[in-house]
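[1] 3D model of this:
(chains A and B)
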Amino acid sequence: MAQKITKREQDYSQWYLDVVKEAKLAEHSPVRGCMVIRPNGMGLWENMQKGLDQMFKDTGHENAYFPLFIPKSFLSKEAQHVEGFAKECAVVTHSRLMSVDGGVEVDPDSKLDEELIVRPTSETIIWDTYRGWIQSYRDLPILVNQWANVVRWEMRTRLFLRTMEFLWQEGHTAHATKDEAIEETEKMLEVYRTFAEEFMAMPVITGRKTESERFAGAEDTYCIEALMQDGKALQAGTSHFLGQNFAKAFDVKFQDKDGEHKLVWATSWGVSTRLIGGLIMTHSDDQGLVIPPKLAPTQVVIVPIYRDDEQRAMVIEYGDSIFEELKGLGIRVKLDDRDNYKPGFKFAEHEATGIPLRIAIGPRDVENGNVELARRDTLSKSIETRDGIGTLVKTLLDTIQVDLFETAKKRREEMTYEVDTYEEFKTVLEEKGGFIYAHWDGTSETEELVKEETKATIRCIPLTEGEPGKCMVTGKPSNQKVLFAKAY
RNA sequence: CGGGGAGUGGCGCAGCCCGGUAGCGCAUUCGCUUUGGGAGCGAAGGGUCGCAGGUUCAAAUCCUGUCUCCCCGACCA
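    Next up, the predicted model:
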C-alpha cells in the first residue's frame, strides 16, 4: 500500500504528488483538471472551514448562498471583470440530451436563449442581488460570506494549487463609505493572516498587489504571500477593495442620511482549497504530510502492540482508557486496533497522513505504566508515564503547533534576501530562490521587464513601512523595497 | 494552446523496436506462523492492454484519430 516518498531534493513536484497520494488527500478525477478530494483531505478542509467560519462570525459576517449559474450578460457589465475572466469560463449552452443510436447527444432544440456561465467567482450575481437588498443607509453594511465551488477553465492544473473546479469561501460586503470598505478589506486580510499563521502555522507576508496583479475589477488587492520549501511563493489569500465599480455596473445605490442617493462601496475576499497545497508544501517532509494540531482531523493515534490474544486484550484495554481520557479532554483521538497490520506499518502510515502525535503501547508499557510518545514534526520518541498523559498530550499539541510555525518562519527567514542591484537580484534568484526584497520604481514596465528576464514577479508591496531608495533596474526613486519571488 | 514524456488487474511497472492468444512486484482472499519501524511461507481470485477506427489469417505490439495524466512554457486563487 504505502510506498516510499520521493526525496524532494530530487524532484519537488514528484515529492509533492507523493505526499498528497500517501496522505490520501486527493486524486485525479476522470474530468480534466478536476480532483476527487478523499475523506482525509475533506476532513482537513472542514477543519479549515470551521476555523475560518468562526473568525468570519466573530467579525460580524453571516453566510448566504448564491447560484452556481450566472447569466452571460451579467459578466459583461463590469469591463475589467469580464476581461479578467472571459478566457476561462465554462459555458452552459443546452439543457437536455437525447438518445441517438444507443448513445446520447445534445438536443439541439434545447439551446438556451441566454447561455449560463458556471461561476468563476460570484461578484456579478451577488451585486445583481444586492441591488434589491439595498435602499437605505440603514440596509448597510451587508457582511456576507459564501462557501461554494467555482470553476475556472485553467490551461494547466496542479492538485490543490490550481484545479479547474475548487472549493472556497468568498466574502462580499457592501458599505456606505469608502473608508468603511477599505477598513473591511484590511480587516479581512488580517483575518487571513491570523488564520494562516495561527491555524496553519504558515508564516505569511501581508501586502498589496501591483496594478498588473490586481483582481479584475478591483481598485486595490491585498494579499497574503507564503514561501514554500522549494523557494517558490504561493499567493494564499486575497482581499479586494472594489471601490464603486460593481455598484456602478449593477446600479446599486442607497439613500444616505443626507437624503442623497449614493453608490455603494464594495469589498470581496477569498481563500480556497489551495491553502491545502500551501500547508503541504510548508510543513511536509520525506515521511509525508505534517499537519498542525489545530487542523489535524486526528490529533493523536494510539497504536497497540501485542503478540497474542491475551496481550491484545490487555493492551487494548489499556489503550482504551487512554483513548477515553484524551477524548474527555476534547482531543481528536483514534485507537488503531486493526489486527491485519503490524505496528511498523501503522507507524509509517500515520506519519504519511500527518497525525501530530502517536502513542504506542505494548505489554512492556502496560506493565511499567508507561507509553511511548512520538512527535510527527520532529520524529522524536520518548517514554512517558501513563499518569498525566492527558495534560502532557494537550500541552504537547500546543507545543507542536507553535514549533511548526517557528520552524517554518525560520526557514522562510533563511530564504529571504535583500538586494540593491539588479545583478545581485538575478544571482540570488538563480542560485537560491526564495523571497527577495528590492527597490522598484513603481512602473508596470519595469515589473514586466523583470518578469520577462527572470520569471520573478512582484508578490506584493509589503504593508510594513520601508526605507526609500532607488529602483534596482532603472535607478528611479522608490518608496520602499517590494517583495519579489518566483511563484506558483 | 505550443514542446517533451506516459496511459497494460486496486497501485507501481515489463512486454511494443522485430504482430502469434498477457507477465512481474506490491495489494486483495484463504490457511499456518508472526506482531516494539512498512512480516514470512503456501494456495487462490482479479486485466477484451485509455477510447474509437484502420491494416492483417492474427494487434498490447503497426497506422490514423481522440481523451486523460505528468514535466517545461504562455494564463491563473
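[2] quick one: least confident helix or strand in chain A?
    strand A:103-106 (a mean of 75; mean pLDDT, DSSP states H and E).
[3] Just the buried positions in that one, please.
    Neighbour counts over strand A:103-106 (16 or more other Cβ atoms under 10 Å) mark no residue as buried. Just so you know, the C-beta spots here come from the backbone N, C-alpha and C atoms, and that holds for glycine as well.
[4] ok, residue A:67 - how many residues close by?
    Using other Cβ atoms under 10 Å, residue A:67 has 13 other residues around it.
[5] Check residue A:60 too.
    Neighbour tally, residue A:60, other Cβ under 10 Å: 11.
[6] what do you get for residue A:385?
    Residue A:385 - counted by other Cβ under 10 Å - has 12 other residues nearby.
[7] still on that earlier bit, can you list contacts of the least confident helix or strand of chain A?
    A:94, A:96-98 (Cβ atoms under 8 Å, 6 or more residues apart in numbering).
[8] Report the backbone C-alpha coordinates of that strand in PDB.
    C-alpha atoms of strand A:103-106 as PDB (Å, rounded to 0.1, in the frame of the first residue of the first chain):
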ATOM      1  CA  GLY A 103     -25.800   6.800 -27.100                       C
ATOM      2  CA  VAL A 104     -26.700  10.300 -26.100                       C
ATOM      3  CA  GLU A 105     -26.200  13.600 -27.900                       C
ATOM      4  CA  VAL A 106     -27.100  17.200 -27.000                       C
END
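[9] What mean pLDDT does whichever helix or strand comes after it get?
    Counting by DSSP states H and E, the next helix or strand C-terminal to strand A:103-106 is strand A:111-118. Here strand A:111-118 scores 92 as its mean pLDDT.
[10] and the strand or helix carrying residue A:374, what does it pack onto?
    Using DSSP H and E, residue A:374 sits within strand A:370-375. Other elements packing on strand A:370-375 under the criterion 3 or more Cβ pairs under 8 Å, 6 or more residues apart in numbering; DSSP states H and E are strand A:357-361, helix A:363-368, strand A:381-385, helix A:389-414.
[11] and the third one with strand A:357-361, angle?
    Taking axes from the mean of the first three to the mean of the last three Cα atoms, to 10 degrees, one finds that strand A:381-385 is oriented at 60 degrees with respect to strand A:357-361.
[12] Strand A:381-385 packs against which elements?
    strand A:370-375.
[13] farthest-separated two in the contacts of strand A:103-106?
    A:94 and A:98 (10.2 Å; Cβ to Cβ).
[14] picking up where we left off before, just the contacts of strand A:103-106 now: which is nearest residue A:226?
    Among the contacts of strand A:103-106, and counting by Cβ to Cβ, the member closest to residue A:226 is residue A:94, at 41.7 Å.
[15] which residues pair with that closest one across the strands?
    residue A:111 (DSSP bridges).
[16] That one reaches residue A:112, doesn't it?
    Yes. Counting by Cβ atoms under 8 Å, residue A:112 is a contact partner of residue A:94 at 6.5 Å.
[17] coming back round to it: in its sheet, which strands sit next to the least confident helix or strand of chain A, and in what direction?
    strand A:97-100 (antiparallel).
[18] Using CSV, list the CA coordinates for the strand it pairs with.
    In CSV, the C-alpha atoms belonging to strand A:97-100 read as follows (Å, rounded to 0.1, in the frame of the first residue of the first chain):
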residue,chain,number,x,y,z
LEU,A,97,-29.7,15.3,-24.0
MET,A,98,-31.4,12.9,-26.4
SER,A,99,-30.8,9.3,-27.2
VAL,A,100,-29.2,8.6,-30.5
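[19] now that strand, how far from the centre of its chain.
    Centre-to-centre, strand A:97-100 and its host chain are 41 Å apart (Cα atoms, centre = their mean, to the nearest Å).
[20] which residue ranges form the helices in chain A?
    A:12-22, A:39-58, A:72-75, A:79-85, A:123-133, A:178-194, A:245-249, A:274-283, A:309-328, A:343-352, A:363-368, A:389-414, A:422-431, A:444-454 (DSSP state H).
[21] Residue A:157 is nearest to which of these?
    helix A:274-283 (11.5 Å).
[22] Run through the neighbouring helices and strands of that closest one.
    Partner elements for helix A:274-283 (3+ Cβ pairs under 8 Å, 6+ apart): helix A:12-22, helix A:39-58, strand A:233-243, helix A:389-414.
[23] Now do it against helix A:39-58: the angle between them, please.
    110 degrees.
[24] ok, now which ones touch residue A:346?
    Contacts of residue A:346 (Cβ under 8 Å, 6+ apart): A:301, A:303, A:336, A:338.
[25] Count the neighbours of residue A:390 for me.
    Neighbours around residue A:390, by other Cβ under 10 Å: 16.
[26] Would you check that it makes contact with residue A:329?
    Yes. Counting by Cβ under 8 Å, residue A:329 is a contact partner of residue A:390 at 5.1 Å.
[27] I'd like to know if the least confident helix or strand of chain A reaches RNA strand B anywhere along the stretch.
    No. Figure legend: strand A:103-106 not in contact with RNA strand B (Cβ under 7 Å from any atom of the strand); closest approach 10.7 Å.
[28] Any idea how far that strand is from the middle of the chain?
    39 Å.
[29] circling back to that earlier point, which one of the contacts of strand A:103-106 is nearest residue A:18?
    residue A:97 (39.4 Å).
[30] In terms of pLDDT, where does that closest one sit?
    82.
[31] residues contacting it?
    Going by Cβ under 8 Å, 6+ apart, residue A:97 touches A:104-107.
[32] can you redo those as TSV with distance to residue A:224?
    Below are the contacts of residue A:97 laid out as TSV (distance: Cβ to Cβ, whole Å):
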residue	distance to residue A:224
A:104	45
A:105	47
A:106	43
A:107	47
